[in-house]
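structure here, sequence nowhere to be found:
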């Protein structure tokens, strides 16, 4: 059976033996797991041996681009990966705006890549249509992310897509990431270190085969519908002009517009959330910086850095090393506290850790990326530092989930206090603390309840379930929010979008509805897909991701506990009443979430009925 | 098919390639940026828009540009 949308081939790369094989995509698996995120989960589940060390050669990296990737439906360019992440030890989905990489991978003729083993020397994977080979990466080893991308683009020319790591990944820094086309981040939690452990510096893809649509007439009608919806959206220009600064006004509008050089979009995206800025004055005048978003560039300002130009310079350094800025900033605040409390001897904390000082932060970024001195300890993230400095260190640590720093919540980079699905999702996402699956697919933090019913309806949530999530008061007004139920639907919607290959950002997924997704998937692939089937396939993929993590021992009782620092006077507040959140309330939310998924409330294990229903029988 | 004058503004281009996707789908029946009659060249941090010799200035690329980097006017010929 030939499917539209899919390229039809899975690349299997054995780095240890230096052997590359091309396997035909199984059409039944493609249908049952949709593609993209869903099929990546399935391929990873089959490839992963439970209990494998994240940095061992046996830990596979599976990458995937969904069936809609390469078409011109809005922002259908997402790249997903599954691997075991070294900081959390979870089997984590990693997602990035595919920039040109995901589109080029499909154009080269591949839907997925399974990378196994470890090369005996630095290599990069070259994918140019039929030509797939491992190439010597010794000249690239030691280079930063953008330097690596630039070097590869010299040889392969854009729009070749590149996934690359910096020095942080090479040195197995546990909060290193990979970057797509130097500008989109892939894999908070140590995806960069997994690539580094395999001596895999980069993957470059470029193709000329094209992506075919099964039902061109049907597709044309659907595209017209969504295109008109985009054109009619009154805030489109606003988002295009300001990007994510529109929702996180960390700096004055004029400050942003002064440095804005241009916006960068992933293939087919109507918003273009990525930024190129140019510093206009001061010490770094003329420096041009690419970033996954301007809001990232200003993050050090939230932590106390006074000069936004210095903040931009620091984030540019971290991006070049390939380090996760949220984890870096949180870790430096922690290391400073350890020093002030005498747990780190002052002579080891040289230069002095000063969050507001660019010189200090740049020095520490370098020491961590190169694992020099105390930087070698900090490179292992919060778990490494706590192990090195003992129980007292743990008391000084910020709220942690699965060894990582949740970046939304009291005391975090995004310091809001209302507890919705974005916030609970930092605990219940199988990968560890991340808001990608739980926030913007559904809502944006602090949105009024009145906007929720429309959003949920668009996501395909049945009316009776919407009423259960948003119970009404005596006068018919929305009087509450069931966060657990909302999160269940957010995770399903994220699995739908991710498996199609569509960006889940609120600014994008607002153009999509569940029924549109089902129709678009059917038109592109030719696979009959009523909405109910799309929902079931997404549930199958998310449940299998859950099972992959249960296999690693992440049961409810042991792992899905909210940090105690989230409670109390300075902790989270109930989304509606704004009263301090209680442990009992959050336990109830987790119960609700499990019940909605038909998972055992004690263990978080999907029930036998749930597995039977999803065709996952025998995996309990 | 009517011909237009296609006006370009490189500074507004985000590199989304919607123009190349629409063009290749219309003329090659496949979403294939490498087969499009319009090309976006990535030059460092900048983008540059150009047309291949077989471009007929049908205006489809401009219809699909959401950033104002491509616009069509009634006078013929790509520019």
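Sure thing, it's come through. Note that this is a predicted model, so its numbers are computed, not measured.

what values do phi and psi take at residue B:20?
Comment: the main-chain dihedrals of residue B:20 come out as phi -70, psi -40, following degrees, to the nearest 10.

residues contacting it?
B:33, B:36, B:38, B:39, B:40, B:61 (CB atoms under 8 Å, 6 or more residues apart in numbering or on different chains). Where C-beta positions appear, they are placed from N, C-alpha and C, glycine not excepted.

then residue A:585?
Here residue A:585 is in contact with residue A:574 (criterion: CB under 8 Å, 6+ apart).

centre of the chain to the helix or strand containing it, how far?
In the assignment (DSSP states H and E), residue A:585 maps to helix A:583-597. The chain centroid and the centroid of helix A:583-597 are separated by 24 Å, computed with CA atoms, centre = their mean, to the nearest Å.

can you point out the buried residues in it?
Of the residues in helix A:583-597, those buried by neighbour count under the rule 16 or more other CB atoms under 10 Å in any protein chain shown are A:586, A:589, A:590, A:592, A:593, A:594, A:596, A:597.

what's the nearest residue to residue A:603 if we skip its chain neighbours?
Counting by CB to CB, 6 or more residues apart in numbering or on different chains, residue A:603 lies nearest to residue A:555, which is 5.0 Å off, once chain neighbours are set aside.

state the distance from the one you found to residue A:260.
Relative to residue A:260, residue A:555 is positioned 47 Å away (criterion: CB to CB, to the nearest Å).

got it, and residue A:12?
When distance is defined by CB to CB, residue A:12 is 43 Å away from residue A:260.

just residue A:499 next, same as before
34 Å.

residue A:23 touches residue A:10, doesn't it?
Yes: taking contacts as CB atoms under 8 Å, residue A:23 lies within contact range of residue A:10: 4.7 Å.

so those two - more neighbours on which side?
When residue A:23 is set against residue A:10 and neighbours are counted by other CB atoms under 10 Å in any protein chain shown, the residue ahead is residue A:10, at 21 against 11.

show me the beta-bridge partners of that one.
Judged by DSSP bridges, the bridge partners of residue A:10 are residue A:23, residue A:112.

for it, give me its contacts.
Contact criterion CB under 8 Å, 6+ apart gives A:22, A:23, A:24, A:25, A:43, A:110, A:111, A:112, A:113, A:114 as the residues in contact with residue A:10.

same thing but 7 Å
When contacts are counted by CB atoms under 7 Å, 6 or more residues apart in numbering or on different chains, residue A:10 touches A:23, A:25, A:111, A:112, A:114.

how about residue A:407?
By CB under 7 Å, 6+ apart, the contact set of residue A:407 is A:326, A:413, A:414.

got it, and residue A:595?
Residues near residue A:595 by CB under 7 Å, 6+ apart: residue A:601.

measure it to residue B:7 for me?
In this structure, residue A:595 and residue B:7 are 57 Å apart, going by CB to CB.

spatially nearest residue to the spatially most distant residue from the centre of chain B (excluding sequence neighbours)?
No residue in chain B sits farther from the centre than residue B:44, which is 19.7 Å out by CA atoms, centre = their mean. Using CB to CB, 6+ apart and skipping the chain neighbours, the partner closest in space to residue B:44 is residue A:288 (7.9 Å).

bridging residues for that neighbour?
Beta-bridge pairing for residue A:288 (DSSP bridges): residue A:278.

ok, it touching residue A:276?
Yes: applying CB atoms under 7 Å, one finds residue A:288 in contact with residue A:276, separated by 6.5 Å.

which neighbours do the two share?
A:261, B:45.

neighbour count: these two, which is higher?
More neighbours surround residue A:276 than the other of residue A:288 and residue A:276, with 20 against 14 (other CB under 10 Å).

element containing the more buried one?
Element membership for residue A:276, per DSSP H and E: strand A:274-278.

which residues touch that strand?
A:97, A:183-184, A:243, A:259-264, A:286, A:288-294, A:297, A:312, B:45.

buried ones from the residues you listed, can you make that a PyMOL selection?
The command below creates a PyMOL selection of those among the contacts of strand A:274-278 that count as buried (16+ other CB under 10 Å):
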select buried, chain A and resi 97+183+184+243+259+260+261+262+263+264+289+290+291+292+293+294+297+312
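
keep only those of the contacts of strand A:274-278 that are in strands.
A:97, A:184, A:260, A:261, A:262, A:263, A:264, A:288, A:289, A:290, A:291 (DSSP state E).

quick one on the thing from earlier: out of the buried residues of helix A:583-597, who's near chain B?
Restricting those to those within reach of chain B (CB under 7 Å from any CB of the partner chain) leaves nothing.

hmm, residue A:6 is touching residue A:33, no?
No: if you go by CB under 7 Å, residue A:6 and residue A:33 don't touch, sitting 11.8 Å apart.
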